[in-house]
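Chemist: have a look at this prediction, sequence included:
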Amino acid sequence: MNQVVWTIAGSDSGGGAGIQADIKAMQSFNVHGCTVITALTAQNSLGVEALNPISTEVIESQLLALASDMPASVIKIGMLANVQQIQLISEHLKHYKATWAEPPLVVYDPVAIASSGDLLTEEDTVSAIKECLLPLVDVVTPNTHETQLLTGVYLIGPSAVKEAAKKLTGYGAKAVIIKGGHWDYPSGYCIDYCVQGEQEYWLGNEKIQTPHSHGTGCSMASVIAACLTKQYPLKDAFILAKTYINQGLKAAIRYGEGIGPVAHTCFPTNLADYPQVIEAGSWLGDELDFDCPVDFTMAAGFAECDSKQLGLYAVVDTVDWLEKCLAEGVKTVQLRMKNADDAALEESIASAVLLGQKYDAQVYINDYWQLAIKHGAYGVHLGQEDLQTANLIAIKEAGLRLGVSTHGFYEMLRAHNYRPSYMAFGAIYPTTTKDMTGQIQGLEKLEKFVPLMADYPTVAIGGIDLSRAEQVASTGVGSVAVVRAITEAENYQAAIAKLKQLVEGQS
Ligand SMILES: Cc1ncc(COP(=O)(O)OP(=O)(O)O)c(N)n1
Ligand SMILES: Cc1nc(C(=O)O)sc1CCOP(=O)(O)O
Ligand SMILES: [Mg+2]
């Protein structure tokens with residue numbers, strides 16, 4: 001995908017919002033921002049003094065110039081000043097989506113405020129947005145005020161937020177992010193909501209106390225657009241955009257006499273700026289009345305691994321392979337058996353635990369946490385889907401280590417809620433061992449994950465072989481987990497020796 005993003009929005013002469021904010025936010029994420037200006041506002045930190053809509057002819061000439069030479073992978077839309085603009089832009093979007101070889105994604109951040117009052121209070125504007133624009137929008141990002149104007153739903157609590165989002169998807173938007181910056185529920189917190197198909201995500205953090213928040217809406221939508229351009233899934237774009245805003249609010253300063261702009265900084269690298277993924281069973285989840293699955297047992301803070309550097313980590317599906325790896329000196333191993341019958345499974349897990357003791361190594365059991373507890377394994381490895389169903393309290397009380405799989409920023413922060421014993425990042429490269437479609441992270445993201453989770457032992461997995469192990473290890477990740485690089489090697493002993501050398505620095 002190309003790295004060009006367009007912003008179709010109004011100019012803010014004060015430099016804090018609109019086109020000016022969009023370009024700065026896009027630049028922070030290293031994508032190229034192009035502009036189509038819809039209105040020239042005369043504004044400063046004290047307010048909007050004038051709004052001068054650009055004619056549809058001039059808007060169209062900007063669109064044509066860009067479309068003929070610099071098509072966008074994502075188009076971000078902000079202030080649209082009248083019905084004619086909404087209609088024109090919708091026509092062009094429809095054409096791009098129907099004819100471009102790579103149809104663009106559309107992120108729409110509705111802008112309500114104008115000098116004369118409210119752009120979204122005029123009946124015909126709202127109707128045009130609903131009828132022409134929203135059916136073409138992939139992600140719409142209203143704040144609470146804009147949500148209320150577009151849907152008529154007054155956001156008195158989490159169920160009203162969901163109801164409003166449902167209305168917006170009913171108008172045709174594929175995904176909705178409702179920003180809770182103006183919403184004080186629970187008191188002192190800023191909660192945002194995202195729904196995409198069947199999936200929904202809530203993020204929250206304590207409100208950052210600053211008056212200087214001008215341009216947060218435009219900037220957040222622009223970061224979402226930039227991250228989508230870089231192929232982040234929406235849930236990760238949502239996390240990064242909220243974090244970027246938190247970071248910018250903390251660094252914001254005043255330039256005029258009134259409200260200063262949110263600061264534009266860089267890709268967020270400080271864990272303290274990241275929001276919490278809100279889940280059933282957490283304090284914020286209870287405040288928001290989340291339904292807890294039956295039998296859900298929240299637990300956090302699992303036994304520590306003996307070392308922060310887990311080194312070469314062999315993931316294998318038989319006891320035979322487990323012993324071969326242990327005999328070659330691999331100290332971290334996982335028994336990952338799929339489709340075994342009950343008797344074979346229990347016998348294998350019991351044998352694996354004994355082998356771990358014999359070779360003084362750390363044996364993790366994948367999925368089967370009850371048998372892992374029963375036979376006294378060193379630890380268990382669970383996936384994201386297991387976190388709501390496994391008895392985490394039992395695992396913790398039995399003193400087993402807990403390793404958790406993560407695929408991207410959202411899952412990483414979700415896993416962080418449980419304070420596991422180690423954090424696994426995957427799939428770094430494509431793999432044939434398991435279907436990881438849409439979840440390939442690459443080295444660039446791994447380089448971001450590792451320092452953020454520096455308090456944990458970290459593991460990289462997925463498609464890692466002899467030719468890639470060194471560059472993976474150079475990210476600072478403490479362990480490299482492999483399946484085929486060992487089990488499909490021509491000479492597995494030589495492969496283990498070489499992998500150990502690359503990952504653990506031994507000769
Ligand atoms: C070290 C390590 N990382 C990730 C995984 C994947 O675990 P999970 O998400 O539970 O998927 P399955 O392995 O059960 O298919 C792992 N096993 N080990
Ligand atoms: C089991 C597994 N889990 C992954 C994840 O990303 O969670 S990738 C993966 C397969 C790793 O196998 P190989 O080393 O043969 O590519
Ligand atoms: Mg599993």
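Modeler: Looks like it came in fine. Ligands and ions are numbered 1, 2, ... in the order given.

Chemist: alpha carbons only for contacts and neighbour counts from here, please
Modeler: Noted.

Chemist: interface residues of the chain facing ligand 1?
Modeler: 366, 367, 382, 383, 405, 424, 461, 481 (C-alpha under 6 Å from any ligand atom).

Chemist: same question for stretch 94-108, mean pLDDT?
Modeler: When pLDDT is averaged along stretch 94-108, the result is 98.

Chemist: same question, stretch 326-337
Modeler: Average pLDDT, stretch 326-337: 98.

Chemist: start to end distance for that stretch?
Modeler: End-to-end span of stretch 326-337 (C-alpha to C-alpha, to the nearest Å): 17 Å.

Chemist: same thing with stretch 297-309?
Modeler: First residue to last in stretch 297-309 (C-alpha to C-alpha) measures 29 Å.

Chemist: which among the residues of the chain next to ligand 1 gets closest to ligand 1?
Modeler: Nearest to ligand 1 among those: residue 383, at 3.4 Å, using C-alpha to the nearest ligand atom.

Chemist: how many neighbouring residues does that closest one have?
Modeler: Neighbours of residue 383 under the rule other C-alpha atoms under 10 Å: 16.

Chemist: what's the answer for the one 4 residues further on, then?
Modeler: Residue 387: 18 surrounding residues under other C-alpha under 10 Å.

Chemist: where does the stretch 1-150 of the chain have low pLDDT?
Modeler: Scanning the stretch 1-150 of the chain for pLDDT under 70 picks out the ranges 1, 114-118, 120-122.

Chemist: now do the helices in it.
Modeler: All helices of the stretch 1-150 of the chain, identified by DSSP state H, counting those that start in this stretch, fall at 18-28, 56-69, 83-99, 123-128, 144-151.

Chemist: quick one: closest of these to residue 242.
Modeler: With C-alpha to C-alpha as the measure, helix 18-28 is the member of the helices of the stretch 1-150 of the chain nearest residue 242 (12.2 Å).

Chemist: give the other helices and strands that that closest one contacts.
Modeler: strand 4-12, strand 32-44, helix 216-229 (3 or more C-alpha pairs under 8 Å, 6 or more residues apart in numbering; DSSP states H and E).

Chemist: not counting sequence-adjacent ones, nearest residue to residue 269?
Modeler: In space, and not counting its chain neighbours, residue 269 is closest to residue 452: 6.5 Å by C-alpha to C-alpha, 6 or more residues apart in numbering.

Chemist: thinking again about what came up before, most packed of the helices of the stretch 1-150 of the chain?
Modeler: helix 18-28 (a mean of 26; mean count of other C-alpha atoms under 10 Å).

Chemist: quick one: contacts of that one?
Modeler: 5, 7-12, 15, 32-35, 37, 78-79, 215, 218-220, 222-223, 226, 264-267 (C-alpha atoms under 8 Å, 6 or more residues apart in numbering).

Chemist: and stretch 124-141, by the same measure?
Modeler: 82-83, 86-87, 90, 93-94, 105-110, 119-120, 150, 168, 171-179, 217, 221.

Chemist: any stretches of the stretch 351-500 of the chain with poor pLDDT?
Modeler: Using pLDDT under 70, nothing in the stretch 351-500 of the chain is flagged.

Chemist: before we move on, back to that, next, format the residues of the chain next to ligand 1 as TSV and append secondary structure.
Modeler: Output for the residues of the chain next to ligand 1, formatted as TSV (DSSP: H, G, I helix; E, B strand; the rest coil):
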residue	secondary structure
366	strand
367	coil
382	strand
383	coil
405	strand
424	strand
461	strand
481	strand
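
Chemist: from ligand 2, how far out is the residue located most distally from the centre of the chain?
Modeler: In the chain, residue 358 marks the outermost C-alpha relative to the chain mean, sitting 41.5 Å out by C-alpha atoms, centre = their mean. According to C-alpha to the nearest ligand atom, to the nearest Å, residue 358 and ligand 2 sit 25 Å apart.

Chemist: how near is residue 200 to residue 185?
Modeler: From residue 200 over to residue 185 (counting by C-alpha to C-alpha), the distance is 18 Å.

Chemist: also residue 312?
Modeler: Distance, residue 312 to residue 185, by C-alpha to C-alpha: 46 Å.

Chemist: quick one: which of the two has more around it?
Modeler: Using other C-alpha under 10 Å as the criterion, residue 312 and residue 185 rank with residue 312 on top: 26 against 17.

Chemist: next, count neighbours for the closest residue to that one other than its chain neighbours.
Modeler: Distances taken as C-alpha to C-alpha, 6+ apart put residue 480 closest to residue 312, at 5.3 Å, once the chain neighbours are dropped. The tally of other residues near residue 480 (other C-alpha under 10 Å) stands at 29.

Chemist: do the helix or strand that contains residue 480 and ligand 2 come into contact?
Modeler: Using DSSP states H and E, residue 480 sits in strand 479-482. Yes - interface with ligand 2: strand 479-482 contributes residue 482 (C-alpha under 6 Å from any ligand atom).

Chemist: again, but for stretch 498-507
Modeler: No - shown here: stretch 498-507 not in contact with ligand 2 (C-alpha under 6 Å from any ligand atom), separated by at least 12.1 Å.

Chemist: got the contact list for the residue nearest to the spatial centre of the chain?
Modeler: Taking C-alpha atoms, centre = their mean, the centroid of the chain lies closest to residue 236, which sits 1.3 Å from it. For residue 236, the contact set (C-alpha under 8 Å, 6+ apart) comprises 408, 409, 410.

Chemist: and which of those is nearest ligand 1?
Modeler: Nearest to ligand 1 out of those is residue 408 (C-alpha to the nearest ligand atom; 12.4 Å).
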